[in-house]
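Novice: next input, structure requested:
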Amino acid sequence: MSFVIRLVFALAACAIMVVAAALLVYAPYTALAGALSGGGVSPDALLGAVGYLIVAIALFDVAKYFFEEEVPAGRERRTAADARRGLTKFVSTIIIALFLEALVLVFETAREDPSHVVYPALLVAAACATLLSLGLFQRLSAATEESVGPEPDTTDPEESSGDGDKRRLASRGANG
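Specialist: Numbers count the residues shown, from 1 in each chain. Below is the predicted model:
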């Protein structure tokens with residue numbers, strides 16, 4: 001079953017990368033098509049292209065997260081610290097994309113209809129709330145890890161080779 005789950009994550013990551021690549025091509029195409037049609041490069045087309053690029057980069061980072069965290073075999077025995085780091089990288093990508101998209105929306109809305117700036121401002125507030133939530137998660141999970149103590153060694157004794165384990169344990173003691 002583990003292989004099937006890893007395969008599904010790999011296929012999903014590949015599909016996300018294809019969509020991200022399409023957006024990376026489509027974004028400059030829309031700006032160039034407007035410029036070549038004789039209308040010149042409009043700021044709206046450029047801001048739209050920036051929005052597509054932001055989404056493409058966020059999608060690419062999500063696919064990268066799947067490839068790094070979910071697809072590799074043997075990752076079932078991760079520590080809580082590994083899971084926290086992986087989730088932090090993933091949520092950080094989403095937060096950055098939210099802030100960048102909010103910035104683009106603020107510029108677009110300020111140019112078109114300043115009375116609607118409240119909607120991009122709400123997106124900025126949502127990104128701030130997400131950032132604060134991530135900080136709270138980091139603080140609480142780190143405090144929990146400290147109070148629980150280090151996780152036990154999950155090395156399978158059948159995979160070990162005796163002397164290698166002694167050296168590995170000695171190096172862990174020396175390194176902290």
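Novice: domain assignment for this protein?
Specialist: 1-77, 79-149 (automatic domain parsing).
Novice: any idea how far the first one is from the middle of the chain?
Specialist: Right, the one you point to is domain 1-77. Domain 1-77 sits 12 Å away from the centroid of its parent chain (CA atoms, centre = their mean, to the nearest Å).
Novice: could you look up the next helix or strand downstream of whatever helix or strand residue 17 lives in?
Specialist: In this assignment (DSSP states H and E), residue 17 forms part of helix 2-34. For helix 2-34, the succeeding helix or strand toward the C-terminus, using DSSP H and E, is helix 43-65.
Novice: now do that following helix and helix 2-34, the angle between them.
Specialist: Counting by axes from the mean of the first three to the mean of the last three CA atoms, to 10 degrees, helix 43-65 lies at 160 degrees to helix 2-34.
Novice: helices and strands around helix 43-65, which ones?
Specialist: The elements that helix 43-65 packs onto, with contact taken as 3 or more CB pairs under 8 Å, 6 or more residues apart in numbering; DSSP states H and E, are helix 2-34, helix 80-112. Using the backbone N, CA and C atoms, a C-beta is placed for each residue, glycine as well.
Novice: need those in JSON lines with distance to residue 40, mean neighbour count and mean pLDDT, can you?
Specialist: Putting the helices and strands packed on helix 43-65 into JSON lines (distance: least, CB to CB, whole Å; neighbours: other CB atoms under 10 Å; pLDDT from 0 to 100) gives the following:
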{"stretch": "helix 2-34", "distance to residue 40": "8", "mean neighbour count": "15", "mean pLDDT": "90"}
{"stretch": "helix 80-112", "distance to residue 40": "16", "mean neighbour count": "16", "mean pLDDT": "85"}
